[in-house]
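Chemist: can you look at this prediction? I've put the sequence above it.
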Amino acid sequence: MHRDRTVGDLLREWRHRRRLSQLDLAIQANVSSRHISFVETGRTVPSRAMLLHLAQHLDVPLRERNRLLVAAGYAPAYERRPLEDPDLAEAYEAIRGVLGGHEPFPAVVVDRHWNVLLANSAMKIFLDGVDPALLEPPVNMMRLGLDPRGFAPRLQNLGQARAYLLPRLARQAARTGDPELSALYEELRSYGVEDHPPTAGPTDIAMPIRLRHDGVELCFFSTITTFGAAFDITLEEIAVEALFPADAETAEYLRRSAAA
């Protein structure tokens, strides 16, 4: 944990990041704006409970709540354990169940930086022709999709995918204040010219992913699943991305491939 900044500095940064005035935060958290001002200027050290209360209203990630606590002189409140840790066994089995149950359709588990933690066997269709250097751990799903050495050349709607994914990544970087996400965004943005935001057709339910594979165009849409009310940093930061066939031809192709 870093102790290079005061708790007041960190709290002010998160308040600015959420575009809230001291009065806005005071009203949301049901405390006096005077107290928030005193905390931010260092005239008052908030209690542990008050600091966690303010962090909750600022939607501060658990990892950064620990940093706030340490800056104020308190012990961290949240643990960060490997996904395979015995204490996370129930969550781990639930994730494995989601991946296996989604086959023959692709699904992948990523961390906060979009690094792959787990994937089901159907995800192999995205790896054809990928530069082996991109498959060295940690494998980054965003980089696989948008780097010219990844499966980007096989995306039939690459411009549309970039126009959707890059702003999403930028928002995530801004929300979390994570410099690694900001660096990833700048890297991926350098790989191509921005396209127009995706437009929906009359039958679209989500942005499609159109992938050329084995001479066939496969069409997917994706969903993201996260743990609700997680109290472990690892669980809060992971997401399961499940890809669903967007047409009957894609579904049939994947079922035939799995049977073969």
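Modeler: Arrived safely.
Chemist: and the helices in the stretch 151-260 of the chain?
Modeler: Secondary structure of the stretch 151-260 of the chain (DSSP state H, counting those that start in this stretch): helices at 158-176, 179-189, 233-237, 248-259.
Chemist: possible to save these as TSV with mean neighbour count and mean pLDDT?
Modeler: Placement of C-beta: from N, CA and C, glycine included. TSV is the format used below for those (neighbours: other C-beta atoms under 10 Å; pLDDT from 0 to 100):
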stretch	mean neighbour count	mean pLDDT
helix 158-176	17	92
helix 179-189	16	96
helix 233-237	20	95
helix 248-259	14	95
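Chemist: can you list the low-confidence ranges for the chain?
Modeler: Along the chain, the model assigns pLDDT under 70 to residues 1-3, 193-205.
Chemist: so which residue is dead centre in it?
Modeler: Nearest to the mean C-alpha position of the chain, by C-alpha atoms, centre = their mean, lies residue 112 at 4.5 Å.
Chemist: make JSON lines out of the helices of the stretch 151-260 of the chain and add distance to residue 18.
Modeler: Formatted as JSON lines, these follow (distance: least, C-beta to C-beta, whole Å):
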{"stretch": "helix 158-176", "distance to residue 18": "9"}
{"stretch": "helix 179-189", "distance to residue 18": "17"}
{"stretch": "helix 233-237", "distance to residue 18": "18"}
{"stretch": "helix 248-259", "distance to residue 18": "40"}
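Chemist: those strands in this structure, which residues are they?
Modeler: 107-110, 116-119, 209-213, 216-225, 239-245 (DSSP state E).
Chemist: among those, which comes closest to residue 162?
Modeler: Among the strands of the chain, the nearest to residue 162 by C-beta to C-beta is strand 209-213 (12.0 Å).
Chemist: just checking, what packs against the closest one?
Modeler: strand 216-225 (3 or more C-beta pairs under 8 Å, 6 or more residues apart in numbering; DSSP states H and E).
Chemist: tell me the strands beside the strand it packs on, with direction?
Modeler: Strand pairing for strand 216-225, determined by DSSP bridges: strand 209-213 (antiparallel), strand 239-245 (antiparallel).
Chemist: for residue 176, find the nearest of these.
Modeler: Per C-beta to C-beta, nearest to residue 176 of the strands paired with strand 216-225: strand 239-245, 12.9 Å.
Chemist: which residues touch residue 181?
Modeler: Counting by C-beta atoms under 8 Å, 6 or more residues apart in numbering, residue 181 makes contact with 112, 113, 169, 172, 173.
Chemist: which ones are touching the last one?
Modeler: To tie it back to what came earlier, the one meant is residue 173. Contacts of residue 173 by C-beta under 8 Å, 6+ apart are 181, 182, 184, 185.
Chemist: good, we can wrap up now.
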